[in-house]
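S.K.: The sequence isn't on hand, but the structure is:
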Ligand SMILES: Cc1ncc(COP(=O)(O)O)c(C=O)c1O
């Protein structure tokens with residue numbers, strides 16, 4: 001298999017093997033996961049050996065909500081590339097994109113662009129710190145690789161463990177940032193209250209996803225907004241993963257349209273905005289965004305033209321088709337049918353999150369080995385399958401059915417391995433890792 005072989009070479013040349021933790025083969029099936037792709041279209045992925053799979057994992061880690069290589073996006077990108085996607089002048093499409101994002105989010109007045117999620121969160125945090133003249137950030141959830149975020153683990157290496165990715169090391173983050181990033185749990189207003197009581201005078205921002213695995217409890221979001229107002233801190237919604245997946249625009253528009261009319265000061269988009277092409281945006285109210293002029297926020301490739309045209313084409317497709325509705329329906333079908341098949345096999349399966357952002361885990365002490373066995377056997381049947389599924393426009397009811405036909409015999413074997421306690425043996429001991437760890 002050429003993919004796993006290439007990955008062995010990669011680990012020698014590239015520390016950590018991949019540029020994104022979530023694409024490490026060790027998180028799926030060590031030495032078996034195909035690792036690299038030659039082509040990707042719709043929900044089909046072809047590996048280096050020419051084997052084609054249906055992708056029932058996170059589909060470009062949430063970046064390809066329209067499916068891989070959506071024709072409208074490809075056409076716009078190719079056209080921009082042919083005409084030159086970079087030069088000494090600016091890309092006019094970024095002005096059009098700013099107008100379109102503001103039209104979708106009437107509370108916001110200005111936009112800055114970047115290209116990646118973590119990077120644009122850093123931009124938002126810089127703007128919030130510049131606007132308030134303060135240092136401390138209260139946050140919940142995962143927000144990328146930056147110093148401001150990993151600083152949370154300087155006080156205790158476990159501060160980030162409840163926030164999507166456990167085990168993140170703050171190695172290389174200046175110790176001077178200790179106590180500048182303070183975590184609180186989603187739906188636990190009392191934890192944010194404590195931060196405001198202890199650090200309110202130096203609180204620059206509250207950074208959080210508007211939702212991830214569950215909706216906000218009644219009163220939670222209005223409570224967060226009120227605490228920000230009380231402390232004079234900015235509220236930043238991270239819509240890097242949620243944006244465009246639940247509705248065209250940010251999930252937080254539901255709060256804005258509710259009777260409470262809750263609005264953030266800033267919101268951040270990336271991933272699905274560019275449909276597989278790097279594009280990110282920070283939108284916000286003028287009084288906050290203007291602080292971007294006092295700070296130095298500037299980067300060469302923030303000006304290239306592919307990202308903006310990909311985003312404009314994505315917004316066109318979203319305006320014409322109910323993509324979030326499709327993703328929800330596919331996710332619902334997937335969950336319902338998988339739960340039925342798991343129950344029929346006598347397996348206890350935990351299916352969590354929203355249909356649009358589904359997580360899957362075997363409810364068993366040997367869960368990691370069972371999931372690895374599931375992944376390995378599903379690969380043999382032409383499926384990329386693991387512990388989560390982010391549905392896209394590229395998935396159909398027929399692709400869900402194909403997955404289920406493949407899953408039926410595999411779940412029977414997993415049930416057998418669960419009762420025999422020999423899943424790891426069946427895998428020659430090659431069980432998936434979870435969370436962040438050095439590879440060697
Ligand atoms: C909510 C959230 N914020 C930020 C990021 C970081 O984005 P990126 O990987 O593009 O830097 C992610 C990525 O998974 C995310 O889910």
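M.R.: Okay, I see it. Quick caveat, the model's predicted, so the values are computed rather than measured.
S.K.: Please make it C-alpha for all contacts and neighbour counts, starting now.
M.R.: OK.
S.K.: For the ligand, tell me whether stretch 291-309 is touching it.
M.R.: No - figure legend: stretch 291-309 not in contact with the ligand (CA under 6 Å from any ligand atom); closest approach 13.2 Å.
S.K.: average pLDDT across that stretch?
M.R.: Mean pLDDT, computed over stretch 291-309, is 97.
S.K.: Quick one: distance of it to the chain centre.
M.R.: Offset of stretch 291-309 from its chain centre (CA atoms, centre = their mean, to the nearest Å): 22 Å.
S.K.: now stretch 90-108
M.R.: Relative to the centre of its chain, stretch 90-108 is centred 22 Å away, using CA atoms, centre = their mean.
S.K.: Same question for stretch 423-433.
M.R.: 28 Å.
S.K.: Could you do stretch 279-295 as well?
M.R.: Put simply, stretch 279-295 sits 22 Å off its chain's centre (CA atoms, centre = their mean).
S.K.: contacting residues around it?
M.R.: With CA atoms under 8 Å, 6 or more residues apart in numbering as the test, stretch 279-295 has contacts from 101-102, 107-117, 120-121, 123-124, 126-128, 130-131, 234, 264-271, 273-274, 307-308, 311.
S.K.: let's see 6 Å
M.R.: Outside stretch 279-295, the residues that touch it by CA atoms under 6 Å, 6 or more residues apart in numbering are 108-116, 127, 130-131, 265-270, 307.
S.K.: ok, now stretch 415-435?
M.R.: Contacts of stretch 415-435 with the rest of the structure, by CA under 6 Å, 6+ apart, involve 26, 27, 28, 29, 30, 165, 166, 347, 369, 370, 372.
S.K.: Identify each buried residue in it, please.
M.R.: 415-418, 421-424, 427, 430-433 (16 or more other CA atoms under 10 Å).
S.K.: Nearest to the ligand among these?
M.R.: Taking CA to the nearest ligand atom as the measure, the ligand lies nearest residue 433 of these, at 17.8 Å.
S.K.: can you tell me the helix or strand for that closest one?
M.R.: Of the helices and strands defined by DSSP states H and E, none includes residue 433.
S.K.: Could you check how far it is from residue 24?
M.R.: Distance, residue 433 to residue 24, by CA to CA, to the nearest Å: 9 Å.
S.K.: same question, residue 113
M.R.: Look at residue 113 and residue 24: by CA to CA, they are 28 Å apart.
S.K.: Which of the buried residues of stretch 415-435 fall in strands?
M.R.: Counting by DSSP state E, none of the members of the buried residues of stretch 415-435 fall within strands.
S.K.: Tabulate those in a markdown table, adding columns for distance to the ligand and pLDDT.
M.R.: What follows is those, written out as a markdown table (distance: CA to the nearest ligand atom, whole Å; pLDDT from 0 to 100):
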| residue | distance to the ligand | pLDDT |
| --- | --- | --- |
| 415 | 31 | 98 |
| 416 | 34 | 97 |
| 417 | 32 | 98 |
| 418 | 31 | 97 |
| 421 | 33 | 96 |
| 422 | 33 | 97 |
| 423 | 30 | 97 |
| 424 | 29 | 97 |
| 427 | 29 | 97 |
| 430 | 26 | 97 |
| 431 | 23 | 97 |
| 432 | 19 | 96 |
| 433 | 18 | 92 |
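S.K.: the helices in the stretch 51-200 of the chain, which residues?
M.R.: 71-82, 93-104, 117-132, 147-150, 189-199 (DSSP state H, counting those that start in this stretch).
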